[in-house]
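Asker: Structure of the sequence below:
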Amino acid sequence: MKGLRLSPLFSAMTLTLALSACSDNSDAQNQTKIAATQTSAQMIAQHADNPFFKQYGTFQEIPDFDKIKPEHYLPAFKAGIAARQEEILAIVNNPETPTFANTIEAMEFSGDLLTAVASVFYNLTGAHTNDELQAISKQVSPMLSASSDDIFLNDSLFQKVKDIYDNRANLGLNAAETKLLEDTYKGFTRGGANLTPEDKQTLRSLNEQIGKLNLAFGDNLLAETNAFELVVDKKQDLSGLPQDVISTAAATATKRGHDGKWVFTTHRPSITPFLTYADNRDLRETLFNGYINQANNDNANDNKAILAKIASLRATRAKLMGYQSHAHFVLEERTAKTPENVYGLLNKVWPAALNQAKNEVAVMQELIDSQDQKFKLAAWDWAYYADKIRVAKYSFNEQDTRPYFSLENTLKGVFYTANRLYGVSVKERSDLPKYHEDVRTWEVYDKEGKLMAVFMGDYFVRDSKRGGAWMNAYRQQYKANGVDSLPIIVNVLNYPRPTGDKPALLTFDEASTLFHEFGHALHGMLSNVKYRSQAGTSVPRDYVEFPSQVMENWMTQPEVLAQFATHYQTGEVIPEALVKKIQAASQFNQGFATVEYMAATKLDLDWHSLNDHTVRDAAKFEADSLANMGLIDEIVPRYRSTYFSHIFNGGYSAGYYSYLWSDILGADAFEAFKENGIFDSATAEAFKANVLSQGGSADPMALYKQFRGKEAGIEPLLKSRGLL
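Answerer: Here you go, the predicted model:
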């Protein structure tokens, strides 16, 4: 399903919020803790050469990646945590009457060092990790959990926050200030501030255990993904595969020590074309099973016991906090509000999508039977036969689009669209710090020609990068002490590298992903708020995908395609006939795409709606969940439990539905552009003013209604997928 991409914005962003978050320490205990260890100033003095302890001296203070070494992280984390503790202690010990400025804003503007080191570290553990960083992550996780607890469970601090919150009607706060106060108060109550001392200690233990298990889940999955390989040593077994896919597989084989052979992996750029085009059904089955059994092989990297324990501990924690389930706890802070509302949405879409998927099965089985094949369609056959039908019905093979979507030209299309909509312009720089040679960097200017952001792009697959595509920030936009800190935003994707004399060529869907992720980037770069915790993508999880899914729509517009979709060899603009084929085929296979995604969504909700806090058999739990939803055998959930990193090693627990929820908003919002003109300046300005610039400074659904003038309806989504 187009637009359902992983955007793990949770790393540095959520850390900033979490560190305003969860312990049973009195003020005296906090004082003792700081006194018993070194102060942050002492730590910094002992590590004067640590790049985190001084200004980088780079353009816009981009992290000086060449100087940052693995050994710098742990001292910087320790000093950042100590500095944060000292800042919080100063707030607690302030003898003045608690005010919004000396308590709420003081907390908001604290923790700069910790935020700085965390933003670099967690970006790199996703985009360019190694054994050293993974080992450091295991050490840092419990430290951060304890530091978070030291804040949220500090009763003296909570009482100050509560006094301000209880008097909020008399403070004359503006909307953003009110939102910050309310979120801070909720953060304390949801972080355990009202628990008994004994329950606070229990919460500490649960947080620490869950954090460690999350890391173990991710490490196991990365190891499994990198370990699996399908080695092909017979050329005839490559039948059906495009030449560029074969060339990439040969390069992968050489890199992995299989000279003269071809290697396919479970990374998306490898597995997707193989399952779509490889004629060898047995090899398709082998690769498919390798993918769906990641971390489910009863070996050292098996995740079944780990994920069951995570789900059980989350359920226990939710009950401790007074909630029916982890899903109820999480969704209280989302725009959906309750699991019942999410299930209600899913149940509106599921029947039509499942019925359409069954129709698609029948058509593919008819094709198989017509070829005198003696087998029943299986999950590893779906992409292969769907492509055959797409070609037959629409004369459309997605590989035919690849020559028209070089990475370079698609970037031009993304920048063109942003310029037409918001006046954004870019200037590439090759002399700025980068964490890997693949990274490209641009200065980003607003319509008045003023520098507004730094944008980085990291586009090619590599073993040090986890799968998927996402946006993140090395620095969020915010305003403090009269200075507007400009955002430093990064998009990370996993495209095949250029081969031979060919540039990196994308399929239509891969090019659409670039538009999607740049939609996230615009959300970060066009942010215009005072508080860092409200900047850009600091919005509820079921709202964060909305701007990026809106952005995808311009990718399909003929006016936009004509600007950048040109043949990499001839310069020919993509033919109108091919564009029409793309549009005609856009609703093809949407039953599968919607069901595949929704099955994972239902699985996520089932895991996190647990009332019984013990799951002894993760495999049986998953099987029962899929059976209860009526999933057909020919479709496997987009993510099975053992490699569902969104929910067991990311920020989407009880929230994977967010893509569909956001897609409803996205489809409805683009209707406004279609009604007024896709580049209508007034509509674009309204979207920027009410959505992109506001971040989390106000209620997101109120902002949406300000833009659209009404609540979003589900009909545009169903219509766009051919389900209505």
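Asker: residues in contact with the residue nearest to residue 72 when sequence neighbours are not counted?
Answerer: Leaving out its chain neighbours, the residue that sits closest to residue 72 by C-beta to C-beta, 6 or more residues apart in numbering is residue 50, at 4.9 Å. (Each C-beta comes from the backbone N, C-alpha and C, glycine too.) With contact taken as C-beta atoms under 8 Å, 6 or more residues apart in numbering, residue 50 is in contact with 44, 72, 75, 76.
Asker: Surely the third one is within a helix?
Answerer: Meaning residue 75. Yes - the assignment for residue 75 (DSSP: H, G, I helix; E, B strand; the rest coil) places it in a helix.
Asker: so residue 133 sits right up against residue 124, yeah?
Answerer: Yes - with contact defined as C-beta atoms under 8 Å, residue 133 and residue 124 form a contacting pair (6.2 Å).
Asker: Compare neighbour counts for these two and give me the winner.
Answerer: A direct count of neighbours by other C-beta atoms under 10 Å for residue 133 and residue 124 places residue 124 higher, at 22 against 17.
Asker: shouldn't that one be in contact with residue 436?
Answerer: No - when contacts are counted by C-beta under 8 Å, residue 124 is not listed as touching residue 436 (9.1 Å).
Asker: can you pull out the strands in the stretch 51-200 of the chain?
Answerer: Counting by DSSP state E, counting those that start in this stretch, the stretch 51-200 of the chain forms no strands at all.
Asker: Just the helices from it, written as ranges.
Answerer: 70-93, 106-108, 112-127, 131-152, 155-166, 175-190, 197-227 (DSSP state H, counting those that start in this stretch).
Asker: so which of these gets nearest residue 634?
Answerer: Closest approach to residue 634 among the helices of the stretch 51-200 of the chain (C-beta to C-beta): helix 197-227, 24.6 Å.
Asker: buried residues in the closest one?
Answerer: Residues of helix 197-227 classed as buried by neighbour count (16 or more other C-beta atoms under 10 Å): 200, 202-204, 206-225.
Asker: for stretch 111-123, same thing?
Answerer: 111, 113, 114, 115, 116, 117, 118, 119, 120, 121, 122, 123.
Asker: so who does the fifth one touch?
Answerer: Taking C-beta under 8 Å, 6+ apart, we find residue 116 in contact with 52, 80, 475.
Asker: what's the neighbour count on the second one?
Answerer: Translated: residue 80. Residue 80: 27 neighbours (other C-beta under 10 Å).
Asker: Ramachandran coordinates for the residue located most distally from the centre of the chain?
Answerer: Largest separation from the mean C-alpha position in the chain: residue 372, at 44.0 Å (C-alpha atoms, centre = their mean). Per-residue torsions, residue 372: phi 60, psi 30 (degrees, to the nearest 10).
Asker: That one and residue 277, how far apart?
Answerer: Going from residue 372 to residue 277 by C-beta to C-beta, to the nearest Å gives 21 Å.
Asker: pLDDT wise, what is residue 424 at?
Answerer: Here, the pLDDT recorded for residue 424 equals 97.
Asker: Can you tell me which of the buried residues of stretch 111-123 is closest to residue 479?
Answerer: Closest approach between the buried residues of stretch 111-123 and residue 479, by C-beta to C-beta: residue 115, at 15.2 Å.
Asker: what's the spacing between that closest one and residue 426?
Answerer: Per C-beta to C-beta, residue 115 is found 26 Å from residue 426.
Asker: now do residue 646
Answerer: For residue 646, the distance to residue 426 equals 30 Å [C-beta to C-beta].
Asker: These two: which has the busier surroundings?
Answerer: Between residue 646 and residue 426, counted using other C-beta under 10 Å, residue 646 has the larger neighbour count: 23 against 18.
Asker: Show me what the host helix or strand of the more buried one packs onto, helices and strands only.
Answerer: Using DSSP states H and E, residue 646 maps to helix 645-648. Identification of packing neighbours for helix 645-648 by 3 or more C-beta pairs under 8 Å, 6 or more residues apart in numbering; DSSP states H and E yields helix 197-227, helix 304-320, helix 590-607.
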